[in-house]
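Peer 1: Sequence first, predicted coordinates after that:
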Amino acid sequence: MRSKVTKAIFPVAGLGTRFLPATKSVPKEIMTLVDRPLVQYAIDEARAAGIKEFIFVTSRGKGALEDYFDNAPQLEQELRRKGKDELLDILRNTNMDSGEVAYMRQHKPLGLGHAVWCARRLIANEPFAVILPDDVIAADKPCLAQMVEAFEETQSNIVAAMEVPEDKASAYGVLDIKEDMGQIVSTKGMVEKPARGEAPSNLAVIGRYILTPTVLQKLNKKKAGAGGEIQLTDAIADAREEAGEEVYGFRFSGQRFDCGSKAGFLQATVAFALARDELREDLMNFLNDTVYAQKAAQ
């Protein structure tokens with residue numbers, strides 16, 4: 001019997017220090033790209049992939065994130081009174097039904113692997129997805145939906161992967177490739193943040209995973225890895241080496257934006273705004289004028 005992926009973990013406990021002072025009072029995950037918070041893009045992607053249960057691993061100070069997914073009766077009533085049905089529909093799409101969403105606390109920042117481990121009791125013995133909201137992916141078919149289709153065939157651990165310049169590989173977990181089959185790559189292992197010039201390939205792991213329960217079992221070791229943190233990639237590697245589970249890299253179709261950095265966030269804002277019919281012309285005119293003015297000043 002083939003397993004289906006219906007649960008997803010969203011690690012959102014980070015402090016967002018690269019976006020201070022904004023993140024002093026606003027969780028990074030609800031900072032907006034155009035008019036939707038980062039986490040809404042992740043939720044929409046998960047829903048499109050068939051996810052039914054959403055598990056957020058949070059920390060102190062994330063109350064605004066939890067409130068975002070709650071009903072807003074007063075606001076809905078006001079929109080209804082004014083006949084703003086289109087806005088009302090948009091608002092309702094942000095609500096999460098009771099029992100659909102759960103929140104777990106990560107009390108200490110011990111790494112991504114630890115954050116996933118915190119949700120272990122809500123996963124039980126079934127495959128699950130992990131989505132990092134910082135990685136926003138623009139794609140005709142959502143990235144996780146692509147990966148779910150691949151998982152239905154492989155029934156094995158799958159990590160989203162993209163090619164990166166060699167001088168950037170040290171910032172990622174990097175795949176050690178066994179066989180390159182095009183979109184799917186079988187692996188010999190993964191190296192978390194390899195030293196410059198020592199990466200086994202230029203195929204880097206980014207923030208989408210479909211994992212087996214074995215990975216959670218390996219996280220029970222709480223083994224410290226790169227940076228002294230509990231690394232998710234280490235547990236995935238242990239599931240392959242100790243339990244014989246295959247691990248595949250998946251070259252997704254789409255463009256990934258690193259919204260954990262200011263430059264990536266700004267790039268994503270421009271890209272998503274240009275994709276909107278009602279914004280494209282004004283924004284394009286502004287960008288063209290700005291570029292022309294800068295060139296003229298040189």
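Peer 2: Looks like it arrived, so ask away. Numbers count the residues shown, from 1 in each chain.
Peer 1: what stretches of the stretch 101-250 of the chain score poorly on pLDDT?
Peer 2: When residues are selected by pLDDT under 70, those of the stretch 101-250 of the chain lie in 224-228.
Peer 1: so where do the strands sit in it?
Peer 2: 101-105, 128-131, 135-138, 157-163, 173-180, 184-192, 203-211, 247-251 (DSSP state E, counting those that start in this stretch).
Peer 1: what's the closest of the ones you listed to residue 281?
Peer 2: Of all these, strand 135-138 sits nearest to residue 281, with 19.6 Å by C-beta to C-beta. No exception for glycine: its C-beta is placed from N, CA and C like everyone else's.
Peer 1: can you confirm residue 67 is in a helix?
Peer 2: Yes - under DSSP: H, G, I helix; E, B strand; the rest coil, residue 67 falls within a helix.
Peer 1: Quick check: pLDDT value at the nearest residue to residue 72 once chain neighbours are set aside.
Peer 2: Closest residue to residue 72 apart from its sequence neighbours, by C-beta to C-beta, 6 or more residues apart in numbering: residue 91 at 6.8 Å. Residue 91 carries a pLDDT value of 80.
Peer 1: Test my guess that residue 91 contacts residue 74.
Peer 2: No - between residue 91 and residue 74 there is no contact under C-beta atoms under 8 Å: 11.5 Å.
Peer 1: So between these two, which is more surrounded?
Peer 2: Shown here are residue 91 and residue 74; by other C-beta atoms under 10 Å, residue 91 has more neighbours (15 against 8).
Peer 1: Could you measure from the more buried one over to residue 200?
Peer 2: From residue 91 across to residue 200, the span is 47 Å (C-beta to C-beta, to the nearest Å).
Peer 1: need the contact list for residue 126.
Peer 2: Residue 126 makes contact with 3, 6-7, 213, according to C-beta atoms under 8 Å, 6 or more residues apart in numbering.
Peer 1: of all the residues you listed, which two lie farthest apart?
Peer 2: Using C-beta to C-beta, the pair of the contacts of residue 126 lying farthest apart is 6 and 213, separated by 13.5 Å.
Peer 1: pLDDT score assigned to residue 1?
Peer 2: 57.
Peer 1: Tell me, how many residues neighbour residue 223?
Peer 2: 13.
Peer 1: Is it correct that it is in contact with residue 229?
Peer 2: No - Residue 223 is not in contact with residue 229 according to C-beta under 8 Å; the separation is 10.2 Å.
Peer 1: what helix or strand is the residue nearest to residue 69 when sequence neighbours are not counted on?
Peer 2: Of all residues not flanking residue 69 in the chain, residue 96 sits nearest, at 4.2 Å (C-beta to C-beta, 6+ apart). Assigned by DSSP states H and E, residue 96 falls within no helix or strand.
Peer 1: I'd like the distance from stretch 264-274 to the chain centre, please.
Peer 2: Relative to the centre of its chain, stretch 264-274 is centred 16 Å away, using C-alpha atoms, centre = their mean, to the nearest Å.
Peer 1: Direction included, what does the helix or strand where residue 54 lies pair up with?
Peer 2: Using DSSP H and E, residue 54 sits within strand 53-58. Sheet partners assigned to strand 53-58 using DSSP bridges are listed as strand 7-11 (parallel), strand 101-105 (parallel).
Peer 1: Perfect, that will be all.
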